[in-house]
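Asks: Sharing a model prediction with you, sequence too.
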Amino acid sequence: MIRLGVNIDHVATIRQARGADEPDPVWAAVEAELGGADTITFHLREDRRHVSDRDAEILRRTVAGRLNMEMSADADIVSIALRLKPHQCTLVPERRQELTTEGGLNVVDGAARLRGVVRKLRGANIEVSAFVEPDANQIRAAAKCGFHAVELWTGGYAHASPGPQADRALRTLGDAIEVAFESGLIVHAGHGLTYRNVDAVAALAGFTEFNIGHSIVSRSVFVGLREAVREMKRLLDRASQHHVALVDSEDLLGRNG
């Protein structure tokens, strides 16, 4: 079964737009879990533009399932992660001018620094994932740095024109999954996935978890967050019925643990 991680950052963004105390992303996490979310994902940015330290603290105490903290390799953020000890930390690139995370982490060039961060997080029994583009060199570098998993950036597919361009992007993702498995990594996916385009990606054998935020929060405006999560879960479950996982993720985690 494919896990669904619901990113609640966008709820916090709405709150911050008015400088108010609602909508509360912590309450959004509760609603998402009631709708069937397996993982709650949040990004604690260095500039705290949406999720705050208070949000992170309460999420750690209240989320019943898995908690995935997206983060940069900044020393202060790493210290917070080591204190909170979420189930998983996903290292992502972070630029102040971007609206959302665009593109993957450059593990190849940042390997020396990232290796130390990964070692600290693993030492705290935290699963560590690298958000990377579906590029063989980046995936292999992530394995060498000690990451448990990679989250493949699906923006190339999500932003592709229907037809040959989208087909090429899907083939690229499929090839990247193979490289990740050969490297002993668990494989997640995220970025730009919606109710309209997730089926084809979820039908690729090998993904363990999808992290989706904007599309689910947007849908929730019309149907409520619980139902929006349920709808996405149904899409993922339906797609996963068409393939058999290439490898068991718990076996991979055991090999990397």
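Replies: Yep, that arrived.
Asks: going forward, measure contacts between C-alpha atoms and count neighbours the same way
Replies: Will do.
Asks: Strands along this protein, start to end?
Replies: With DSSP state E as the criterion, the chain has strands at 3-7, 39-43, 66-71, 88-91, 127-132, 149-153, 186-190, 209-212.
Asks: right, so of the ones you listed, which gets closest to residue 169?
Replies: Closest to residue 169 of the strands of the chain, according to C-alpha to C-alpha: strand 149-153, at 10.9 Å.
Asks: That closest one to strand 127-132, inter-axis angle?
Replies: On the basis of axes from the mean of the first three to the mean of the last three C-alpha atoms, to 10 degrees, strand 149-153 is oriented at 30 degrees to strand 127-132.
Asks: change the start of the numbering to 408 and stick with it
Replies: Renumbered: residue one is now 408, and that last one reads strand 556-560.
Asks: Grab the CA positions of strand 556-560 and hand them over as PDB.
Replies: Only the C-alpha atoms of strand 556-560 are listed here, as PDB (Å, rounded to 0.1, in the frame of the first residue of the first chain):
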ATOM      1  CA  ALA A 556      15.300   7.300   1.200                       C
ATOM      2  CA  VAL A 557      15.000   9.700  -1.700                       C
ATOM      3  CA  GLU A 558      11.900  11.700  -2.500                       C
ATOM      4  CA  LEU A 559      11.800  12.100  -6.300                       C
ATOM      5  CA  TRP A 560      10.800  15.600  -7.500                       C
END
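Asks: So for it, mean pLDDT?
Replies: The pLDDT scores in strand 556-560 average 98.
Asks: for stretch 521-534, same thing?
Replies: 98.
Asks: In that stretch, which residues are buried?
Replies: The neighbour-count check on stretch 521-534 (16 or more other C-alpha atoms under 10 Å) flags 521, 522, 524, 525, 526, 527, 528, 529, 533, 534 as buried.
Asks: which residues sit in contact with the second one?
Replies: Read it as residue 522. Contact analysis of residue 522 by C-alpha atoms under 8 Å, 6 or more residues apart in numbering lists 552, 553.
Asks: would TSV of the buried residues of stretch 521-534 with distance to residue 432 be doable?
Replies: Listed next are these as TSV, based on distance: C-alpha to C-alpha, whole Å:
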residue	distance to residue 432
521	29
522	31
524	27
525	27
526	30
527	28
528	25
529	27
533	23
534	23
